[in-house]
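S.K.: Output the structure for:
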Amino acid sequence: MKRTPLYREHLALGARMVEFVGWEMPIQYSGIIEEHIQVRRQGGVFDVSHMGDLLIRGRGAAERLDGLLTNPISKAQVGKAVYGHLLSEEGQIIDDVITYHLSEGQYLMVPNASNVSRVRDWVRERTGGLEVVDLSTRLACLAVQGPAARDVLQALTPLDLSTLKRFQGSFTFLSGPPSPFLSDLLPSEGEGVGCYIARTGYTGEDGFEVLVEDRDAPWLWKALLKDQRLRPVGLGARDTLRLEMGYLLSGTDFDGSQTSLQTGPPWVVKMDHQFVGREALVLQGERKYDVLVGMELTGKGVPRHGYEVLYRGRKVGKVTSGNMSPCLRRGIALGYVPRPLSAIGTQLAISIRGEAVPARVVETPFYRK
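M.R.: Here you go, the predicted structure:
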């Protein structure tokens, strides 16, 4: 299995390590529920260095990326990030990615860990003439999430983090030993540990994701955890946190057979530009198809991936993600159902150990501040 540069730090803190899409990653430290509540109440630090990093640059980069992304990047100013889908010609989701407009004509696309090679090769094939540099083994990423995240991170950087809006980022330097950031690719001047900070995350809390060179990850990890308001958090709580927000999990909520019309959210597809898979979406819009919905149990039980979704005793779909919400203290799930059954308030059931447990379709996010 692959290991991030923080592997030894995880072991030192007593993390329980598991295999995750080919990586040996921490699933938990003190416990999933405890870590989940810690992020909601104060803050946590996640190692998300397993995610991919593709630097894409060259003449006409924005327009060519528009031709790949369901949500165009060409209107994004420098420092802005955009969430979008990459689709096959049949309209099926290859991956959901965040693309950052780092500097004029230079973009960083972040694919999911399991799809790095596929996305890299797919982008290269369809953007001939552009330079696609795979930085996945060179960069590390730490996510600092929770109410205390800004104050803790602010103590390490001269950048006024309050000026960064949601889905905005900036290059800066942290108060540490001299260490440039991608100096051979993105020259910058400053003192300390070079990095890129973006106001993004996967928890629904305010927070930031910090990109540094691999060699600087242990230093940053320790610097952040010196503040008692932050604790290390594993992939277990990351999953329950994202589920409470209704965020998609690659390989679970979409597996390559669904389209963006099925998964949503609606704003992720802008039909006012041409992109790979657009024609397939137009055709699908005229047909019947299943859609992903949020479901909340009104009876007792814990919904899990693969459980059947029922309507009037008849199987109509399956749960893709499900768990007991640590904050709401009831079962919540994402799953596909026929479009006519996707209206908010529709009464359904989820088969749990042979029992049809009542559930209803609800708006996401499940959890709101």
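S.K.: what about the helices in this structure?
M.R.: 7-12, 32-41, 61-66, 116-126, 149-154, 217-225, 235-245, 260-263, 278-284 (DSSP state H).
S.K.: Against which helices or strands is the first one packed?
M.R.: Packed against helix 7-12, as judged by 3 or more C-beta pairs under 8 Å, 6 or more residues apart in numbering; DSSP states H and E, are the following elements: helix 217-225. The way it works is simple: take the backbone N, C-alpha and C, and place the C-beta from them, glycine included.
S.K.: The shortest one too?
M.R.: Contacts of helix 260-263 with other secondary structure elements, assessed using 3+ C-beta pairs under 8 Å, 6+ apart, are made with strand 81-87, helix 278-284, strand 290-297.
S.K.: Relative to the longest one, what are the paired strands and their orientations?
M.R.: Within its sheet, strand 290-297 is paired with strand 331-338 (antiparallel), strand 355-362 (antiparallel), according to DSSP bridges.
S.K.: what comes up buried for the first one?
M.R.: Same thing as strand 331-338. For strand 331-338, a neighbour-count test (16 or more other C-beta atoms under 10 Å) marks 331, 332, 333, 334, 335, 336, 337 as buried.
S.K.: Just the CA coordinates for it, please, in CSV.
M.R.: Extracted C-alpha coordinates of strand 331-338, given in CSV (Å, rounded to 0.1, in the frame of the first residue of the first chain):
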residue,chain,number,x,y,z
GLY,A,331,-30.2,7.1,10.5
ILE,A,332,-29.5,9.0,7.3
ALA,A,333,-28.8,7.8,3.9
LEU,A,334,-28.2,8.6,0.2
GLY,A,335,-29.6,6.4,-2.4
TYR,A,336,-31.1,6.2,-5.9
VAL,A,337,-34.9,6.1,-6.5
PRO,A,338,-37.1,6.6,-9.6
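S.K.: Give the rounded mean pLDDT of that strand.
M.R.: On average, the pLDDT along strand 331-338 is 98.
S.K.: how far off helix 235-245 does it point, in degrees?
M.R.: With axes from the mean of the first three to the mean of the last three C-alpha atoms, to 10 degrees as the basis, strand 331-338 and helix 235-245 are set at 60 degrees to each other.
S.K.: ok now strand 331-338, how far from the chain's centre?
M.R.: Here the centre of mass of C-alpha atoms in strand 331-338, compared against the chain's by C-alpha atoms, centre = their mean, to the nearest Å, lies 19 Å away.
S.K.: Tabulate the helices of the chain in TSV, adding columns for mean pLDDT, distance to residue 299 and mean neighbour count.
M.R.: TSV is the format used below for these (pLDDT from 0 to 100; distance: least, C-beta to C-beta, whole Å; neighbours: other C-beta atoms under 10 Å):
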stretch	mean pLDDT	distance to residue 299	mean neighbour count
helix 7-12	98	38	15
helix 32-41	98	21	20
helix 61-66	97	46	20
helix 116-126	97	40	16
helix 149-154	98	36	20
helix 217-225	98	41	18
helix 235-245	98	19	22
helix 260-263	98	27	21
helix 278-284	98	34	16
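S.K.: In TSV, list those along with distance to residue 176.
M.R.: Formatted as TSV, the helices of the chain follow (distance: least, C-beta to C-beta, whole Å):
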stretch	distance to residue 176
helix 7-12	16
helix 32-41	24
helix 61-66	32
helix 116-126	28
helix 149-154	13
helix 217-225	6
helix 235-245	26
helix 260-263	40
helix 278-284	46
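S.K.: what about residue 183, neighbour count?
M.R.: 12 (other C-beta atoms under 10 Å).
S.K.: so it touches residue 194, yeah?
M.R.: Yes: applying C-beta atoms under 8 Å, one finds residue 183 in contact with residue 194, separated by 7.5 Å.
S.K.: Okay, and the beta partners of residue 334?
M.R.: residue 294, residue 321.
S.K.: Let me know the distance separating residue 173 from residue 350.
M.R.: 50 Å (C-beta to C-beta, to the nearest Å).
S.K.: just residue 262 next, same as before
M.R.: In terms of C-beta to C-beta, residue 262 sits 19 Å off from residue 350.
S.K.: All set now, cheers.
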